[in-house]
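> okay, sequence plus prediction incoming.
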Amino acid sequence: MTTRNLSLLKPTGHLTLGNLLGALRPMAAAQPSDDCFYGIADLHALTIPHDPAALRGLVAEMAALLIAAGLDDSTLFVQSRVPTHAQLSYLLECTAYTGELNRMIQFKEKGRGRDSTRASLYTYPALMAADILLYRPDRVPVGEDQRQHVELTRDLAIRFNNTYGPVFTVPELVLPAAGARVMDLARPTEKMGKSHQDTSGVIYLLDPPDAVRRKVARAVTDSDTGPDAVRSDRDTKPGVTNLVEILVACAGAEAAAGLTTYGALKAAVTDAVVAVLKPIQRRYADLADDPAYVTETFARGAERCLDVTVPVLSAAQAAMGL
């Protein structure tokens, strides 16, 4: 039986090396043996203040980058073009409890206690659950920072099935083993995020080699100069550990063997990252000359999404008495 995978990314900034290693690579690896649905979660981008033109630009860039990263063997879609997402979201809001939503880490960090917080920031875990449950996926590959939301999705699916009948598949959360949480090069205790204001420690997928070299050269390490200075120890050497993990994720464990100085480590990381980004950037440039391919790929994806999700929405509505 074919396994169904699902993952969505928010267009809240330019895609980073962390997105590539933690999400896009595992997503691509699931092709073509699995039935994969990969989307751009533009509705989630509305939970915070945003510029409409900038959002459209980020969605277009992300669409091309998903293809450039090799995901066009999957069903690709933009969330807002598949209306069943918003429709099921309300049904799941009627299934979730406020106590569960209060415990969501992102709401605690970004919204609780602020008068200007949008209501959608509070309820968006229900939309994320709808994104997942509509497709009845077996596995959901996500970064560590989304674990809590997928666990809530599982809880909502179980509660709905027990209360109204067996409508939803309870998905398995899948975390990639390597590069699952790439940290900021300048702030190695923080995740490399695509929406950071300070971009000095963030490597973007479209960064040219000179920018990659500059950012890696300035990456935080420490003052250790001993023979075992280059080693992984997240607690005492977060910067060095981050560089080692990036190197291993990009070039394999053998690439880190024998490195004894931070200069050698940074040179190896730079070469490995540039090598990984080069084919993605080349295909992205080709797609800029053929934008119709991107448009057609995502249009076909939206059509297939509706074919798959309309029956699930209808089953959930009927189960709830609608």
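Nice, thanks for sending it over.
> how about the helices in the stretch 201-322 of the chain?
Under the criterion DSSP state H, counting those that start in this stretch, the stretch 201-322 of the chain contains helices at 209-217, 238-251, 262-288, 291-319.
> nearest to residue 101, of the ones you listed?
Checking the helices of the stretch 201-322 of the chain against residue 101 by CB to CB gives helix 291-319 as the closest, at 19.4 Å. For the C-beta atoms, the positions are set from N, CA and C on the backbone; glycine is no exception.
> what angle separates the closest one from helix 262-288?
Angular relation of helix 291-319 and helix 262-288 on a 0 to 180 degree scale: 90 degrees, by axes from the mean of the first three to the mean of the last three CA atoms, to 10 degrees.
> helices or strands next to helix 291-319 in the packing?
In this structure, helix 291-319 packs against strand 35-40, helix 52-68, strand 75-78, helix 84-93, helix 147-164, with contacts taken as 3 or more CB pairs under 8 Å, 6 or more residues apart in numbering; DSSP states H and E.
> so which of these gets nearest residue 306?
The stretch from the helices and strands packed on helix 291-319 with the least distance to residue 306 (CB to CB) is helix 84-93; that distance is 6.8 Å.
> contacts for the closest one next, please.
Defining contact as CB atoms under 8 Å, 6 or more residues apart in numbering, one finds that helix 84-93 is touched by 43, 79, 123, 126-127, 129-131, 133-134, 156, 160, 305-306, 309-310, 312-313, 316-317, 320.
> average pLDDT for whichever helix or strand comes after it?
Following the chain from helix 84-93 toward its C-terminal end, the next helix or strand by DSSP states H and E is helix 98-102. In this model, helix 98-102 has a mean pLDDT of 90.
> sec struct for the closest residue to residue 70 other than its chain neighbours, please.
In space, residue 70 comes closest to residue 28 once its chain neighbours are excluded; the distance is 4.7 Å by CB to CB, 6 or more residues apart in numbering. Three-state call for residue 28 (DSSP: H, G, I helix; E, B strand; the rest coil): helix.
> residue 312 versus residue 318, what's the distance?
According to CB to CB, to the nearest Å, residue 318 stands 11 Å off from residue 312.
> which one's more surrounded, those two?
Neighbours per residue, other CB atoms under 10 Å: of residue 318 and residue 312, the larger number sits with residue 312, 19 against 12.
> unless I'm mixing things up, that one is touching residue 137, no?
No. In terms of CB atoms under 8 Å, residue 312 does not count as a neighbour of residue 137; the distance is 11.2 Å.
> domains in this structure, by residue range?
Following automatic domain parsing, one finds the domains of the chain at 4-180+291-319, 209-285.
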